[in-house]
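1. Okay, here's the prediction I keep looking at, along with the sequence it came from:
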Protein chains: 2
Amino acid sequence: MPTHRKPAAGPDDSGSVPYVRVREALFAELKRGRYPPGSRMPSESDLVARFGVSRMTVGRALRDLQESGLLERRQGAGTFATQPHKVASTLRIRDIHEEISSRGHRHRAVVHLCREEPASREVATRLGLVKGAPVFHTVIVHFENETALQCEDRFVNPVCAPAYLGVDFSAVTPTHYLLAVAPFWKAGYTIEAALPGAREARLLGIDRAQPCLIVTRLTENRSMPITVARLTHPGLVYQLEGAFEP
Amino acid sequence: MPTHRKPAAGPDDSGSVPYVRVREALFAELKRGRYPPGSRMPSESDLVARFGVSRMTVGRALRDLQESGLLERRQGAGTFATQPHKVASTLRIRDIHEEISSRGHRHRAVVHLCREEPASREVATRLGLVKGAPVFHTVIVHFENETALQCEDRFVNPVCAPAYLGVDFSAVTPTHYLLAVAPFWKAGYTIEAALPGAREARLLGIDRAQPCLIVTRLTENRSMPITVARLTHPGLVYQLEGAFEP
DNA sequence: CAGTGGTCTAGACCACATA
DNA sequence: ATGTGGTCTAGACCACTGT
């Protein structure tokens, strides 16, 4: 007698989906302090009996909680409640136009440089090219409602985006364009606090002594680096935010 | 005739686990450029036939790829390849002692302040208390191999950790202690670049003009704020790093 | 309506941990 | 030896989408 489903459950029904029901029930108990950190949770069989669902279903619920960092599961040993301390928060890599628009503000971009250059040693290394090889270089300042928010200093590997220099970057951001023509498969970044360079300070209209939040990001294709960008944000007007709530 | 399992598969066997096999196969194809962004993937039934596994198994593989941000699935419509652009990288919230030790370096903490104070208006607001209510306040500088790495200025809600002031913070970090006595269920942070305060500069032994990376973190219990910390890092010696690889 | 994803169940085999 | 998590299959019902 397979699948004697429940008749779509009741009306108030917060969680008519069984695995969600199980997950939320366990989550609530964890939050309430039952199962203190480090203690063993009921076994899958126990939960199967308690909730009247199949093992795959409680497995799904437990896996969700595990991926949230709330549980640790050890084969042969059992399932344990954890301290949610090593949980990771997420930091998005977003297109700045999207970011500004999503705040309901106006985005404007001013292009200060857009040309081909021979690669310096450092840029060449980062892009996996030889020194002196031609690379595309753009410097663009992004405004949010007339406030300078970001100075984007970017080098692009010509192989990945041959038509890059022909794009009107006052209308479409390099990030947006590059995503379309050369989707990345790998990305790395560093975030640091530093003083702006002379040109950056001038373009952003800030004092050279004002600290900036600098994000350096390198994205790569499946086989080669696409672009390296140095994004300088005045510390006074830009903050990264994140949150974790299991 | 249920479960005619494969005899544990061959030796080289990178992915004897069926859902991993399916996931990796599809991942490789996505990476190779088959299924360009926006295009429709084969349906679950197709994949069932192609890989000779059950539908739950391909479902699991597809869900993994979806959670990685590589696929989008729309009920009734199909499964589609996406641009992996809105993918999030993770930024860990780690205990600084752990962080330094994991680099194989030595950690030392110097306690500069450890007392009870009446809450300022700002601190009171952050911790959900009334102005003037007693709060615990610690200021600790963390060294990595004799280099000042972080100035930790922290306020703690006494209700959550009554014995806080009795802890020897040269031996155990506030983060570590608080995780033990008051695990958090919610956390938020901001990252900004700014100049250090006078005291911070002095304690870190840096110039007041040297920009710092400042992480402000608020953690909460299930019902009330536990602690708010301002972590100041000299920009020259501290960077946050992250990477994304699907 | 046919096709697609979303989910469930029941039973099963395996790898691993602990006693 | 027993119990635990990890996974698989086969078949099924449902909700949704597009023609």
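-> Arrived safely, thanks for sending. Residues are numbered from 1 along each chain as shown, chains lettered A, B, ... in the order given.

2. close enough to count as contact, A:Pro234 and A:Asp207?
-> No - here A:Pro234 lies out of contact with A:Asp207, judged by C-beta atoms under 8 Å, at a distance of 9.5 Å. Backbone N, C-alpha and C define where each C-beta goes, glycine included.

3. Helices along chain A, start to end?
-> Using DSSP state H, the helices assigned to chain A run over residues A:18-32, A:44-51, A:55-67, A:96-102, A:121-127, A:174-181, A:198-204.

4. could those go into JSON lines alongside distance to DNA strand D, mean neighbour count and mean pLDDT?
-> Formatted as JSON lines, the helices of chain A follow (distance: least, C-beta to the nearest atom of the strand, whole Å; neighbours: other C-beta atoms under 10 Å in any protein chain shown; pLDDT from 0 to 100):
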{"stretch": "helix A:18-32", "distance to DNA strand D": "12", "mean neighbour count": "17", "mean pLDDT": "89"}
{"stretch": "helix A:44-51", "distance to DNA strand D": "3", "mean neighbour count": "15", "mean pLDDT": "91"}
{"stretch": "helix A:55-67", "distance to DNA strand D": "4", "mean neighbour count": "18", "mean pLDDT": "92"}
{"stretch": "helix A:96-102", "distance to DNA strand D": "23", "mean neighbour count": "16", "mean pLDDT": "87"}
{"stretch": "helix A:121-127", "distance to DNA strand D": "37", "mean neighbour count": "16", "mean pLDDT": "96"}
{"stretch": "helix A:174-181", "distance to DNA strand D": "22", "mean neighbour count": "19", "mean pLDDT": "90"}
{"stretch": "helix A:198-204", "distance to DNA strand D": "44", "mean neighbour count": "17", "mean pLDDT": "95"}
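
5. need those in TSV with distance to B:Leu62, can you?
-> Below are those laid out as TSV (distance: least, C-beta to C-beta, whole Å):
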stretch	distance to B:Leu62
helix A:18-32	17
helix A:44-51	24
helix A:55-67	14
helix A:96-102	26
helix A:121-127	34
helix A:174-181	23
helix A:198-204	44
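
6. before we move on, back to that, quick one: which of A:Pro234 and A:Asp207 has more around it?
-> Set A:Pro234 next to A:Asp207 and count neighbours by other C-beta atoms under 10 Å in any protein chain shown: A:Pro234 wins out with 23 against 10.

7. What confidence value was assigned to that one?
-> Per-residue pLDDT puts A:Pro234 at 93.

8. what bridges to it?
-> When bridges are called by DSSP bridges, A:Pro234 pairs up with A:Cys212.

9. Tell me which residue in chain A sits closest to chain B.
-> Chain B sits closest to A:Pro211 of chain A, with a gap of 3.1 Å, by C-beta to the nearest C-beta.

10. what's near enough to touch that residue?
-> Applying C-beta atoms under 8 Å, 6 or more residues apart in numbering or on different chains, we find A:Pro211 in contact with A:Ala193, A:Ala194, A:Leu195, A:Gly235, B:Ala193, B:Ala194, B:Leu195, B:Pro211, B:Cys212, B:Gly235.

11. Let me have these in JSON lines, adding distance to DNA strand C as columns.
-> Listed next are the contacts of A:Pro211 as JSON lines, based on distance: C-beta to the nearest atom of the strand, whole Å:
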{"residue": "A:Ala193", "distance to DNA strand C": "42"}
{"residue": "A:Ala194", "distance to DNA strand C": "44"}
{"residue": "A:Leu195", "distance to DNA strand C": "48"}
{"residue": "A:Gly235", "distance to DNA strand C": "42"}
{"residue": "B:Ala193", "distance to DNA strand C": "41"}
{"residue": "B:Ala194", "distance to DNA strand C": "44"}
{"residue": "B:Leu195", "distance to DNA strand C": "49"}
{"residue": "B:Pro211", "distance to DNA strand C": "46"}
{"residue": "B:Cys212", "distance to DNA strand C": "44"}
{"residue": "B:Gly235", "distance to DNA strand C": "43"}
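
12. In CSV: those residues, plus distance to B:Gln150.
-> CSV is the format used below for these (distance: C-beta to C-beta, whole Å):
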residue, distance to B:Gln150
A:Ala193, 13
A:Ala194, 17
A:Leu195, 20
A:Gly235, 18
B:Ala193, 15
B:Ala194, 15
B:Leu195, 16
B:Pro211, 15
B:Cys212, 10
B:Gly235, 12
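
13. Just the closest of those to A:Asn145, please.
-> Set against A:Asn145, the nearest of the contacts of A:Pro211 by C-beta to C-beta is A:Gly235 (18.3 Å).

14. Relative to B:Cys212, how far out is that closest one?
-> Distance from A:Gly235 to B:Cys212, counting by C-beta to C-beta, to the nearest Å: 9 Å.

15. Neighbour count: those two, which is higher?
-> B:Cys212 (28 against 25).

16. So the more buried one versus B:Gly76, what's the distance?
-> For B:Cys212, the distance to B:Gly76 - C-beta to C-beta - is 52 Å.

17. Run through the residues that contact A:Ala25.
-> A:Phe51.

18. gap between it and B:Gly205?
-> For A:Ala25, the distance to B:Gly205 equals 52 Å [C-beta to C-beta].

19. How is chain A partitioned into domains?
-> With domains defined by automatic domain parsing, chain A comprises A:18-81, A:96-234.

20. Noted, bye for now.
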